[in-house]
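> Got a sequence here, can you build the structure:
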Amino acid sequence: MPWLLLFIAGLCEVGFAACLGKMKETTGTTATMWLLGFFAFLTLSMTLLYRATQTLPIGTAYAVWTGIGAVGTVLVGIVVFREPADFWRVFFLTTLIASIIGLKFVSNG
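Okay, the predicted model is just below:
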């Protein structure tokens, strides 16, 4: 269960980062709505991260949380914001994913 909470927390990190990107593209009421989404995802992400760290080692949980957020945000950047997906970017994204998986397997939680 703590790994599921941590995974959802990482996805919420992607959500708040995506809201920041969309907020940058808009103005007025629309930007305010994205800001509210940012705070909602941020609150949920931090709450779930906190809950996961009640069982999992903090170093592992934080590394996995930031890794999921980083990978997800890069993918959202590529798909939604049309950021480049060149060889080296995909290569290092793949090594980051492998590191996240490795941390899960060597964790005691």
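
> hey, let's count contacts and neighbours off CA atoms from now on
OK.

> Buried residues in the helix or strand where residue 32 lies, which are they?
Assigned by DSSP states H and E, residue 32 belongs to helix 28-52. Under the neighbour-count criterion of 16 or more other C-alpha atoms under 10 Å, helix 28-52 has 31, 34-35, 37-38, 41-46, 48-50, 52 buried.

> just checking, what packs against the next helix or strand after it?
Using DSSP H and E, the helix or strand that follows helix 28-52 in sequence is helix 58-79. On a contact count with 3 or more C-alpha pairs under 8 Å, 6 or more residues apart in numbering; DSSP states H and E, helix 58-79 meets helix 2-25, helix 28-52, helix 87-106.

> just how off-centre is helix 58-79 within its chain?
Computed by C-alpha atoms, centre = their mean, to the nearest Å, the chain-centroid distance of helix 58-79 equals 4 Å.

> Report the mean confidence score over that helix.
Helix 58-79 carries an average pLDDT of 95.

> Also stretch 96-109?
85.

> Need the residues that contact it.
Stretch 96-109 is contacted from outside by 55, 56, 57, 60, 63, 64, 67, 68, 71, using C-alpha atoms under 8 Å, 6 or more residues apart in numbering.

> residues touching the fifth one, list them.
Residues in contact with residue 63 (C-alpha under 8 Å, 6+ apart) are residue 100.

> just to revisit the earlier point, for the contacts of stretch 96-109, give me JSON lines that also has distance to residue 86.
As requested, the contacts of stretch 96-109 are exported to JSON lines (distance: C-alpha to C-alpha, whole Å):
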{"residue": "55", "distance to residue 86": "38"}
{"residue": "56", "distance to residue 86": "35"}
{"residue": "57", "distance to residue 86": "34"}
{"residue": "60", "distance to residue 86": "29"}
{"residue": "63", "distance to residue 86": "25"}
{"residue": "64", "distance to residue 86": "24"}
{"residue": "67", "distance to residue 86": "20"}
{"residue": "68", "distance to residue 86": "20"}
{"residue": "71", "distance to residue 86": "15"}
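
> What's the PyMOL line that selects buried ones from those?
Buried residues among those (16+ other C-alpha under 10 Å), as a PyMOL selection:
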select buried, resi 56+60+64+67+68+71
